[in-house]
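In: Next input, structure requested:
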Amino acid sequence: MRHGTVASIDSSSNTFTVDSRSGTAVKVDVNTKTIYQAIGAGSTETFSDLKVGDRVVVAGTPSTSGAVAATSVTILPAGGFRGGFGGPPGASSGNSGSGSSGLGNSGIPGA
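Out: Prediction:
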């Protein structure tokens, strides 16, 4: 999987370029079988919905030229996922072991 920001789109050749956080540019080839989805959009997306600046995750097969033949393209929310699952780094899960859940830190009752 490749992830990064859409840097350019060439609708005449059904390709777009993704710049990764490390600065590597990857050409992405799409076709009629490529599946598009947008996290939180609640609708079916298409190639024409992509915009320069969108953050995406691309799954597909790399070619010998370095391009990726995309099987799926996921458009991420504009704000992104800060800190991954559970919120920003350092955020508490809310279960310090002193609450009334009875699960303590282990998540196992009575432990």
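
In: Report the secondary structure state of residue 23.
Out: Assigned by DSSP: H, G, I helix; E, B strand; the rest coil, the conformation of residue 23 is coil.

In: roughly how far apart are it and residue 68?
Out: To residue 68, residue 23 is 17 Å away according to CB to CB, to the nearest Å. In this view, the C-beta of every residue, glycine as well, is placed from N, C-alpha and C.

In: Same drill for the two, tell me which one is more crowded.
Out: Each of residue 23 and residue 68 has its neighbours counted (other CB atoms under 10 Å); residue 68 has more, 21 against 7.

In: Chain neighbours aside, what residue packs nearest to that one?
Out: Taking CB to CB, 6 or more residues apart in numbering, and ignoring the residues beside it in sequence, residue 68 has residue 60 as its nearest neighbour in space, at 4.4 Å.

In: Please name the bridge partners of the one you found.
Out: Beta-bridge pairing of residue 60 under DSSP bridges involves residue 70.

In: Also residue 26?
Out: residue 18.

In: Now do the contacts for it.
Out: Applying CB atoms under 8 Å, 6 or more residues apart in numbering, one finds that residue 26 lies in contact with 2, 4, 17, 18, 20, 58, 66, 67, 68.

In: Going by distance to residue 52, which of the residues you listed wins?
Out: residue 17 (9.4 Å; CB to CB).

In: Format the contacts of residue 26 as TSV; extra columns: pLDDT.
Out: As requested, those are exported to TSV (pLDDT from 0 to 100):
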residue	pLDDT
2	84
4	93
17	96
18	95
20	86
58	95
66	87
67	93
68	95
